[in-house]
Every structure is written in C-alpha cells, then in structure tokens.
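# only geometry, no sequence info:
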C-alpha cells in the first residue's frame, strides 16, 4: 500500500533524556501553494531541536510535510504552524525551524521561528580551537 500525506506527527521516547543534544533535520523538498496565485512555493525546511522526553519519528515527519503540498499558505504562517505542530507533539527543550523559500519574482524569503520550554536554559557553548599538526591554527 502506498504512503499518503498525513497531519499525524508520531514521536518516540528520547533514548537519552538526561543529556542536552541537538537533532538536525533538513527537508529540501517542501512545497505548498501561494494562497493568492495558487502557484507552488518551494522551500528547504531545517529543524534543529533539543529533545526533552520525545523525539520526532522521521517517516511521520515526511508524511506530515507532504500534507502541505496542496494547501495555500503564506510563508510566515506555514513556518509558524509547522513549528507549533512539531513543538506540540514533542514538547522539546528547544526547537528552531528555518524555512528558506526559493526565489520567486527575484525575492528570496527566510523565516525563522523558535520554541523554548519554560525554564530551560542552554548549557554554555564550548568552543574548540581547530588543530593542525598538533598545534592550534587559531592565530
């Protein structure tokens, strides 16, 4: 039986809930329709999140993204809707959704939306110097 688009977002238990780690997902073939003209809009959707208790199941994410193919939506609205749906399903510590819309009429659009769990604070960022031949190449 072939797959069909779906608005259902499935999750699975976080295998390492004791640790903050980033999950990076790229969806390079997202499509929806311009609500004014009905023409297709194309975007690369990037999802970065730090899971809490649940992770996104990728097959259901693919079918969820496919479900927008015949829907009219403004770039800002669909970006925020997807973030809301994904954050609602997973309840992550942090999630950032970046939608890079391909050119139409000479204009590129990028929409970035974020969700943060109330009270969650990221660990301090660790910067490591690049090493070349056992010595730092930093300057």
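Cool, got the structure. Keep in mind the model is a prediction, meaning the values are calculated, not measured.
# make it CA atoms for all contacts and neighbour counts henceforth
Will do.
# the chain: strands as residue ranges?
Taking DSSP state E as the test, the strands found in the chain are 11-13, 23-33, 40-50, 54-56, 94-104, 107-116, 131-132, 135-136.
# now mean pLDDT, distance to residue 85 and mean neighbour count too, for these, in a markdown table please.
What follows is these, written out as a markdown table (pLDDT from 0 to 100; distance: least, C-alpha to C-alpha, whole Å; neighbours: other C-alpha atoms under 10 Å):
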| stretch | mean pLDDT | distance to residue 85 | mean neighbour count |
| --- | --- | --- | --- |
| strand 11-13 | 98 | 12 | 14 |
| strand 23-33 | 97 | 16 | 16 |
| strand 40-50 | 97 | 12 | 20 |
| strand 54-56 | 98 | 11 | 21 |
| strand 94-104 | 94 | 11 | 19 |
| strand 107-116 | 95 | 11 | 15 |
| strand 131-132 | 62 | 41 | 10 |
| strand 135-136 | 60 | 44 | 10 |
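# among those strands, which comes closest to residue 72?
Checking the strands of the chain against residue 72 by C-alpha to C-alpha gives strand 23-33 as the closest, at 4.4 Å.
# what angle sits between the closest one and strand 94-104?
Using axes from the mean of the first three to the mean of the last three C-alpha atoms, to 10 degrees, the interaxial angle of strand 23-33 with respect to strand 94-104 works out to 40 degrees.
# and strand 23-33, how far out from the chain's middle?
A distance of 8 Å separates the centroid of the chain from that of strand 23-33, by C-alpha atoms, centre = their mean, to the nearest Å.
# show me what that strand is packed against.
In terms of contact count using 3 or more C-alpha pairs under 8 Å, 6 or more residues apart in numbering; DSSP states H and E, strand 23-33 is assigned the packing partners strand 40-50, helix 58-66.
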